[in-house]
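K.L.:
coords below, sequence missing:
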């Protein structure tokens with residue numbers, strides 16, 4: 001198995017987990033915040049999609065799907081067009097609301113761009129330095145693995161939040 005095939009499999013697992021988490025959810029489930037202040041499913045899926053989109057577009061030299069395919073306008077969030085969710089306040093988390101279909105459409109488009117980029121890579125490409133702000137500098141391989149780790153964590157959190165039973169009032 002080639003390195004890019006391994007990474008395609010890993011990113012494919014994010015896609016599968018996101019699709020399973022969003023299957024059968026309603027707007028209430030998407031907005032519900034665990035313990036009243038955790039991240040909602042809608043925010044988690046939007047955020048992981050934005051992270052993968054921003055990180056992969058940057059290293060691939062592409063425009064983000066968020067803007068190139070009109071998702072910023074379709075979501076119409078009261079946030080900066082460059083916002084990916086890092087450091088969001090509670091009110092900003094609440095502001096991220098979208099139906100499951102739109103969340104899945106966006107992540108699906110991001111995943112397609114990611115997969116197309118990964119298919120172009122050879123093993124020598126993964127040593128390319130993509131970020132010199134760190135010591136040691138970040139290689140393409142390191143950036144891809146950190147993106148997978150971050151996105152899988154959030155996809156798992158969304159799946160967990162889906163399974164939570166609502167807490168009855170006064171209970």
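P.N.:
Cool, the structure landed. Since the model is a prediction, treat every value here as computed from it, not as a measurement.

K.L.:
poorly predicted segments of the chain, please.
P.N.:
Segments of the chain classed as low confidence (criterion: pLDDT under 70) are 166-171.

K.L.:
so where's the longest helix in it?
P.N.:
Ranked by residue count, the top helix of the chain under DSSP state H comes out as helix 140-163.

K.L.:
which elements pack onto it?
P.N.:
helix 3-22, helix 41-60, strand 129-131 (3 or more Cβ pairs under 8 Å, 6 or more residues apart in numbering; DSSP states H and E). C-beta: built from backbone N, CA, C; applies to glycine.

K.L.:
tell me the buried residues in the second one?
P.N.:
Judged by neighbour count (16 or more other Cβ atoms under 10 Å), helix 41-60 contains these buried residues: 41-57, 59-60.

K.L.:
over to stretch 141-161?
P.N.:
141-144, 147-148, 150-152, 154-155, 157-159, 161.

K.L.:
quick one: residue 85 and residue 7, what's the gap?
P.N.:
Separation of residue 85 from residue 7 (Cβ to Cβ, to the nearest Å): 23 Å.

K.L.:
neighbour count for those two, which is higher?
P.N.:
residue 7 (22 against 19; other Cβ atoms under 10 Å).

K.L.:
ok, back up a step: want to throw the helices and strands packed on helix 140-163 into CSV with distance to residue 80?
P.N.:
Below are the helices and strands packed on helix 140-163 laid out as CSV (distance: least, Cβ to Cβ, whole Å):
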stretch, distance to residue 80
helix 3-22, 23
helix 41-60, 11
strand 129-131, 21
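
K.L.:
residue 132: what's it in contact with?
P.N.:
residue 138 (Cβ atoms under 8 Å, 6 or more residues apart in numbering).

K.L.:
just residue 151 next, same as before
P.N.:
Listed by Cβ under 8 Å, 6+ apart, the contact set of residue 151 reads 11, 14, 48, 51-52.

K.L.:
which of the residues you listed sit farthest apart?
P.N.:
11 and 51 (12.2 Å; Cβ to Cβ).

K.L.:
ok, now which ones touch the most centrally placed residue in the chain?
P.N.:
Most central in the chain under Cα atoms, centre = their mean is residue 48, positioned 1.8 Å from the mean C-alpha point. Taking Cβ under 8 Å, 6+ apart, we find residue 48 in contact with 14, 18, 107, 150-151, 154-155, 158.
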